[in-house]
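**Q** sequence and predicted structure below; questions after.
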Amino acid sequence: MTNVQTEEAVVVAAVKRLRAETGSSRRKRLQRHFTRYWQLWIMVLPAIAFIVVFSYIPMYGIQLAFREFDVTKGLTGGQWVGFKYFEQFFNNPQFGQIILNTVTISLWTLVMGFITPVIMAILINQIGNKRIKGFTQTITYMPHFISTVVMVAILQIFLTPGSGIMGRLFGNTSLLGDPAAFAHLYWISEIWQHTGWNCIIYLAALSSVDVALYEAAKIDGAGRLQLIRHVDMPALLPTAGILLILNMGSVLGVGFEKVYLLQNTLNITASEVISTYTYRVGILGNQFSYSTAIGLFNALVNFGFLILANYIAKKSSNTSIF
Amino acid sequence: MSNRQLLSSRDPAPKLKTATAFGARSRKPRAFKCTPGDRAVDIIIGILIVLILLAVMYPLWFIIIASFSDPRSVATGQVTLLPQGLGWGGYELILADERIWAGYRNTLIYSVVGTAVNLLVTLPAAFAMSRPEFKPRRIIMFLFAFTMFFGGGLIPMFLLIKQLGLLNNMWVFILPGAFSVFNMIIARSYFESSLPEELHDAAQIDGLTYFGYFAKIVLPLSTAIIAVIGLYYFVGHWNDFFTGLIYVRNQDLQPLQNVLQQILVANQSQQGAGGSVGQSSGQAQEFADQIKFGVIIVSSLPLLVLYPLLQRYFNKGVMVGAVKG
């Protein structure tokens, strides 16, 4: 009898000890983690702090889109009004035009800005002479470092009717004031600036193609064009896919600066895009809640396109960013 | 060459083998025989390259020669390939312009201090995120990466900056953009692919902590990536126009780009909109144009000089790592 009792007591005590140990072992594990890795935590903490303050707090402030702005409450806003400001935006007579402008400009830029670096990389890759290749790369990178303000100034000086070096060709009509020309001015200047830079990544992909592939193709009788078609282009495909997905995330994300700087009273019908409209009603017009709602709508559409593009790419070619 | 080693060292074991393979690869594969068709393709490619080079270089060349030319010959279209009626008039006016100097000084301060802060935040974070034994890195990475695709938007950011007291404050040019996730990923990929794990093991055996390993071994081996992301950040600060436009009203704090906008774009847009103003423009307008050419050169020069100096660091491995990451 006593034997059984002591046995029971021993088991109970063991279980208790075990429980206590597992309970504290989590803490111990955490303690071990921090004694081992506290230095890594210190190294990454400033970055986390900056991201939390300057990215996540504004995200928390998105609720302003559903509330009345209240000066005393700031970021979080006052009374809840639901979708009032979204409705106001959708019912705005300018809504259709703004979306159309944004999509027109961004699709032109997206498509052209996607194709030209691929072509340029293939061309540059064909240059046999290393010096000429390096020279071509250096020259074509250069415009990338020009600021948007300067780029717009260059466009304006060149296109001044009558006296500008290009404006002269169009007589007295000003391309800068022509709504029909706006999207084209935008994407052409965009690819002039960034094609050289954006093809770096494709040149890197081409430089890692196994030389044996070229040899094998040549033995099979492939000419220069066929080498490009059947060796170079497949090598570029994965990189191109990823970049296309990333670009899809900005279908409604036409950069603010250049459109804003190119805008004038004559081309405004073609040049008012979501970001400039947000600036106009928000910063200049002080309609904080309305402007936040437009911003949120914009961000959601972009995010949706990104997810969609990623999904399609994953299904069709097994390329994805997440 | 170093970029190829970079690429191959992602997988340390077959390093020797790939190194020789890459050595052989560095010769450009040439055709066994040149068919007439290939010759034609060669010529077409050559012509296209020349056209591209001309399209990129001519506008830049024109700005340079126009800035040294007599403004009247620029306006009437006599300046095409070489400067006409050499003169420094535009540059003399620029040198005398207080606004440009103040903007230049501000931008220089913001760019140098800003880039230093950027690197101080980004490099240690990238190193911590590159350590495979640091398990929380996955969730931290998600926290970082999410912000690349979604954000609060203009107004919440504006209100936050206001609440933090950063409106009309020089730190608004430095703090909000102090950490770029994109640049961190580039640096992390570099640390992961170019520093062999054996290096860390050896450092540990020698008793180095993470701090010691980072400062004494990682940083000295990473000058290339420091130069690259340093340049990215610097260019971003130098060309920043948005911050000054949205958050700063005080003219004394405005950086170069915002001063440029006032000089270059603001008065021109009425002109562009006005249609045929070009013809009625008097001498004042011609001088204003000449100042513009000079200002464009003076403001872009630092970056155009800086880039070729750092170009040797721009190895392709850095960029490839960025996309794969």
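**A** That came through, no problem. Residues are numbered from 1 along each chain as shown, chains lettered A, B, ... in the order given.
**Q** next, count neighbours for residue B:197.
**A** Neighbourhood size, residue B:197 [other Cβ atoms under 10 Å in any protein chain shown]: 10. In short, each C-beta sits where N, CA and C put it, glycine included.
**Q** and for residue B:78?
**A** Neighbours of residue B:78 under the rule other Cβ under 10 Å: 12.
**Q** and residue A:33, by the same measure?
**A** Residue A:33: 14 surrounding residues under other Cβ under 10 Å.
**Q** can you give me the helices for the stretch 151-300 of chain A?
**A** A:182-198, A:200-207, A:211-219, A:224-227, A:233-248, A:256-262, A:268-271, A:274-279, A:288-317 (DSSP state H, counting those that start in this stretch).
**Q** ok, and does the longest one reach over to chain B?
**A** It refers to helix A:288-317. Yes: Helix A:288-317 is in contact with chain B by Cβ under 8 Å from any Cβ of the partner chain, via A:288, A:291, A:292, A:295, A:296, A:298, A:299, A:302, A:303, A:306.
**Q** other SSEs contacting that helix?
**A** Applying 3 or more Cβ pairs under 8 Å, 6 or more residues apart in numbering or on different chains; DSSP states H and E, one finds that helix A:288-317 contacts helix A:84-90, helix A:233-248, helix A:274-279, helix B:137-149, helix B:154-163.
**Q** just the C-alphas of the longest one, formatted as CSV.
**A** The C-alpha coordinates for helix A:233-248 follow below in CSV (Å, rounded to 0.1, in the frame of the first residue of the first chain):
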residue,chain,number,x,y,z
MET,A,233,16.2,35.5,-75.5
PRO,A,234,15.4,32.4,-73.4
ALA,A,235,18.2,33.4,-71.1
LEU,A,236,16.5,36.8,-70.5
LEU,A,237,13.1,35.4,-69.9
PRO,A,238,13.2,34.8,-66.1
THR,A,239,14.6,38.2,-65.3
ALA,A,240,12.2,39.9,-67.7
GLY,A,241,9.3,38.0,-66.0
ILE,A,242,10.3,39.2,-62.5
LEU,A,243,10.7,42.8,-63.7
LEU,A,244,7.3,42.7,-65.4
ILE,A,245,5.6,41.5,-62.3
LEU,A,246,7.3,44.3,-60.2
ASN,A,247,6.3,46.9,-62.8
MET,A,248,2.7,45.7,-62.8
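**Q** what's the spacing between it and its chain's center?
**A** Centroid separation for helix A:233-248 versus its chain: 14 Å, with Cα atoms, centre = their mean, to the nearest Å.
**Q** what's it in contact with?
**A** Helix A:233-248 has contacts (Cβ atoms under 8 Å, 6 or more residues apart in numbering or on different chains) with A:110, A:113-114, A:118, A:121-122, A:201-202, A:205-206, A:208-209, A:305-306, A:308-310, A:313, A:317, A:319-321, B:323.
**Q** any idea of the mean pLDDT in it?
**A** Averaged over helix A:233-248, pLDDT sits at 84.
**Q** in that helix, what's buried?
**A** Neighbour-count burial for helix A:233-248 flags A:235, A:236, A:239, A:240, A:241, A:242, A:243, A:244, A:245, A:246, A:247, A:248 (criterion: 16 or more other Cβ atoms under 10 Å in any protein chain shown).
**Q** and the last one, how far from residue A:43?
**A** Think residue A:248. Counting by Cβ to Cβ, to the nearest Å, the separation of residue A:248 from residue A:43 is 34 Å.
**Q** do the same with residue A:321
**A** Relative to residue A:43, residue A:321 is positioned 26 Å away (Cβ to Cβ).
**Q** more neighbours: which of these two?
**A** Between residue A:321 and residue A:43, residue A:43 has the larger neighbour count (other Cβ under 10 Å), namely 23 against 18.
**Q** by how many degrees do the host helix or strand of the more buried one and helix B:137-149 diverge?
**A** In the assignment (DSSP states H and E), residue A:43 maps to helix A:2-51. Interaxial angle, helix A:2-51 versus helix B:137-149 (axes from the mean of the first three to the mean of the last three Cα atoms, to 10 degrees): 30 degrees.
**Q** buried residues, whatever helix or strand comes next after helix A:2-51. List them.
**A** Past helix A:2-51, further along toward the C-terminus, the next helix or strand under DSSP H and E is helix A:57-60. By neighbour count on 16+ other Cβ under 10 Å, the buried set for helix A:57-60 is A:57, A:58, A:59.
**Q** what's the spacing between the closest residue to residue A:209 other than its chain neighbours and residue A:222?
**A** Setting aside the residues directly before and after it, residue A:209 is nearest to residue A:235 in space (Cβ to Cβ, 6 or more residues apart in numbering or on different chains), at 4.7 Å. According to Cβ to Cβ, residue A:235 and residue A:222 sit 14 Å apart.
**Q** could you do residue A:16 as well?
**A** From residue A:16 to residue A:222 the distance is 77 Å (Cβ to Cβ).
**Q** how many neighbours does the closest residue to residue A:175 other than its chain neighbours have?
**A** Leaving out its chain neighbours, the residue that sits closest to residue A:175 by Cβ to Cβ, 6+ apart is residue A:181, at 4.6 Å. Around residue A:181 there are 18 other residues, counting by other Cβ under 10 Å.
**Q** do residue B:195 as well
**A** 18.
**Q** ok, now which ones touch it?
**A** B:217, B:218, B:221, B:222.
**Q** and the second one, how many neighbours?
**A** So that's residue B:218. Neighbours around residue B:218, by other Cβ under 10 Å: 22.
**Q** now it: closest residue in space, sequence neighbours ignored.
**A** Nearest one to residue B:218, counting by Cβ to Cβ, 6+ apart, is residue B:127 at 5.9 Å.
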